[in-house]
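*Asks:* Sequence first, then the predicted structure, then my questions.
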Amino acid sequence: MLIGVIADDFTGASDIANTLAKGVPGQGGLVAMQYMGVPEGAAGPEVEAGVISLKSRSVPADDAVASSLAALHWLKAQGCRQIVFKYCSTFDSMPAGNIGPVAEALADALDVKGVVACPAFPVMRRTVYQGHLFVGDKLLNESGMQNHPLTPMTDADVRRWLRLQTESDVGHVPAPVVGEGAEAIDAAIRACADRGETLVIVDAVTDEDLVRIGQACADAPLLTGGSGIALGLAGNFIAKGLATGDRNRFEGVAGTEAILAGSCSGRTRSQVDTHARKHPTMAVAVEDVMDGRTSSDDLVAFIEANHGEAPLVYSSAAPEDVTAAQTRYGAEAVSDRLEGLFAETVKRLVDGSVSRVVVAGGETSGAVAQALDLGGLKIGPEISPGVPVLFSDKRGVALALKSGNFGGEDFFDQALDALAGEGAVHE
Ligand SMILES: Nc1ncnc2c1ncn2[C@@H]1O[C@H](COP(=O)(O)OP(=O)(O)O)[C@@H](O)[C@H]1O
Ligand SMILES: O=C(O)[C@@H](O)C(=O)COP(=O)(O)O
């Protein structure tokens, strides 16, 4: 294994696994495998990029640090030369963490300072400029992310947000330096390290910026960021002759299907509305779940009654409804119950006949994937930017784990087709 990734959620893990597997146009990428938590045995010898999915974004900081260090330990034991800590391109975190504490703990363990921190993902219009994170032309805190149910992002200055979470000061490499190229970036990062800054926010507005940053960090033991931070990394290993540019092949999975949405992002809610115009959908009301009137029996029955019709169950709701539910029952209690409901539902469906599963929402995907005994997931073709086909040889199941904010309007149809081996849009 050449490169090891510690991802703080499951959709984020498949996002960066996709980047590493896609690699460089014309040159190919790395043989990538996504693991659900820290695996017990050793990785297969063919794996060049191992991506460990943790559910550490919204847990207490100490727990996030402990699971990330366990992941680091396993990845180092597989021979990884470079580690990436992957978090969300919208920098999802609370003022108390977990991005800062985990990144600093990994840096300490690897004895390194001047570690890049760059959430930019230009293809999804997340850019970092003057240390501020934008979604399209909106500052992060005006992009809708200020309403996130678990990690409301109320400050777009990621240097200031990260400083709330870190022990040492946070450095910054501005866009003009990034534009100068790998050498200038490397020198600027070294200067930050010399000042004792453990983490360094690096501006990036385009994919080319990210490739330059990746090249500057070819020998860095640790990088942190969104999936964009990996854009140049597969190429570094291929250029050194350490990787061949091969990737997994995927033929498609036949069988019945289920779609579950627990994301409340604007994008997912709009995808749900679009899907509902053509397919059977079931809305899951929080109060019915909390009061025990809706259980996995209802969801399983609905999906099974609509096999072949792309059935969708969703709890996705508008910000005012989310706030009302959280005020009434408590945010953690609502998330726990909904995630538990989706997890139990999928477990029962996959134990039955379902073999194509699409999930919207990072935390929701984490709960669902943990409930299934999937083993390592191979990375197949890209369905939509940041969302690849995943397939489990162990269970004969193909999945798409979609970040709430990712995918086009007809994502759910597109994903089911791709899981069947038809019509994946990118290679
Ligand atoms: N109607 C709802 N009210 C309150 N919380 C909800 C509702 N529906 C889903 N949630 C919770 O909100 C969280 C959404 O997070 P996540 O699944 O990561 O989506 P995203 O990818 O958009 O961040 C989950 O914990 C989910 O259980
Ligand atoms: O970086 C990203 O935007 C995604 O890979 C990601 O982490 C998404 O998280 P969720 O929106 O919670 O699914």
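*Replies:* Thanks, I have it. Numbering: from 1, shown residues only. Ligands and ions are numbered 1, 2, ... in the order given.
*Asks:* Which helix or strand contains His172?
*Replies:* His172 is located in strand 170-173, with elements delineated by DSSP states H and E.
*Asks:* Report the buried residues of that strand.
*Replies:* Val170, Gly171, His172, Val173 (16 or more other CB atoms under 10 Å). (Glycine included, C-beta is placed from N, CA and C.)
*Asks:* Farthest-apart pair in those residues, please.
*Replies:* For the buried residues of strand 170-173, the farthest-apart pair by CB to CB is Val170 and Val173; their separation is 11.2 Å.
*Asks:* any residues in contact with both of those two?
*Replies:* Common contacts of Val170 and Val173 (CB atoms under 8 Å, 6 or more residues apart in numbering): Val200, Ile201.
*Asks:* Now for the closest residue to ligand 2 within the stretch 201-350 of the chain: which residues touch it?
*Replies:* Residue nearest to ligand 2 within the stretch 201-350 of the chain (CB to the nearest ligand atom): Gly226, separated by 4.2 Å. By CB under 8 Å, 6+ apart, the residues touching Gly226 are Gly12, Asp15, Ile16, Lys86, Tyr87, Cys88, Ser89, Cys118, Pro119, Ala120, Phe121, Arg126.
*Asks:* Please identify the residues of the stretch 1-150 of the chain in proximity to ligand 2?
*Replies:* Proximity of the stretch 1-150 of the chain to ligand 2 is confined to Asp9, Thr11, Gly12, Asp15, Cys88, Ser89, Thr90, Phe121 under the rule CB under 6 Å from any ligand atom.
*Asks:* what secondary structure does Gly241 sit in?
*Replies:* Following DSSP: H, G, I helix; E, B strand; the rest coil, we place Gly241 in the coil state.
*Asks:* Neighbours of it, how many?
*Replies:* By other CB atoms under 10 Å, the residues close to Gly241 number 7.
*Asks:* And it, how close does it get to Ala216?
*Replies:* 20 Å (CB to CB, to the nearest Å).
*Asks:* what do you get for Leu223?
*Replies:* For Leu223 relative to Ala216 (CB to CB), the value is 10 Å.
*Asks:* Pro45 now?
*Replies:* Remark: distance between Pro45 and Ala216 (CB to CB) = 30 Å.
*Asks:* For those two, indicate the residue with more neighbours.
*Replies:* Just comparing Pro45 and Ala216: by other CB under 10 Å the higher neighbour count belongs to Ala216, 25 against 8.
*Asks:* For that one, give me its contacts.
*Replies:* Contacts of Ala216 (CB under 8 Å, 6+ apart): Ala182, Glu183, Ile185, Asp186, Ile189.
*Asks:* give me phi/psi at it?
*Replies:* phi -60, psi -30 (degrees, to the nearest 10).
*Asks:* List the ones among the contacts of Ala216 that fall in helices.
*Replies:* Using DSSP state H, the subset of the contacts of Ala216 located in helices is Ala182, Glu183, Ile185, Asp186, Ile189.
*Asks:* Nearest residue to Gly97 in space, please, no chain neighbours.
*Replies:* Ala61 (3.7 Å; CB to CB, 6 or more residues apart in numbering).
*Asks:* can you pull the contacts of the closest residue to Gln78 other than its chain neighbours?
*Replies:* Nearest non-adjacent residue to Gln78, counting by CB to CB, 6+ apart: Met1, 4.0 Å away. Going by CB under 8 Å, 6+ apart, Met1 touches Ala43, Val47, Glu48, Ala49, Gly50, Leu75, Gln78, Gly79, Cys80.
*Asks:* For the nearest residue to the third one once chain neighbours are set aside, grab the count of nearby residues.
*Replies:* By the measure of CB to CB, 6+ apart, the closest residue to Glu48 outside its immediate chain neighbours is Leu30, 4.0 Å from it. Leu30: 31 surrounding residues under other CB under 10 Å.
*Asks:* The one 5 residues further on too?
*Replies:* Burial measure for Tyr35: 25 neighbouring residues, criterion other CB under 10 Å.
*Asks:* So it, which state does it fall into?
*Replies:* Tyr35 - assigned by three-state DSSP - is strand.
*Asks:* so what's it up against?
*Replies:* If you count contacts by CB under 8 Å, 6+ apart, Tyr35 has them with Gly50, Val51, Ile52, Ser53, Gly376, Leu377.
*Asks:* Leu30 now?
*Replies:* Counting by CB under 8 Å, 6+ apart, Leu30 has contacts Leu2, Ile3, Leu20, Ala21, Gly23, Glu48, Ala49, Ala234, Phe237, Ala243, Arg247.
*Asks:* Check Ala120 too.
*Replies:* 89, 126-128, 133, 203-205, 209-210, 225-226, 228-229.
*Asks:* Can you get me a residue count around Arg328?
*Replies:* Every residue meeting other CB under 10 Å relative to Arg328 is counted, giving 12.
*Asks:* and if you look at Thr244?
*Replies:* Per other CB under 10 Å, the neighbour tally for Thr244 reads 13.
*Asks:* Repeat that for the one 10 residues further on.
*Replies:* Neighbour count of Ala254, defined by other CB under 10 Å: 12.
*Asks:* quick one: it is in a helix?
*Replies:* No. Counting by three-state DSSP, Ala254 is located in no helix; its state is coil.
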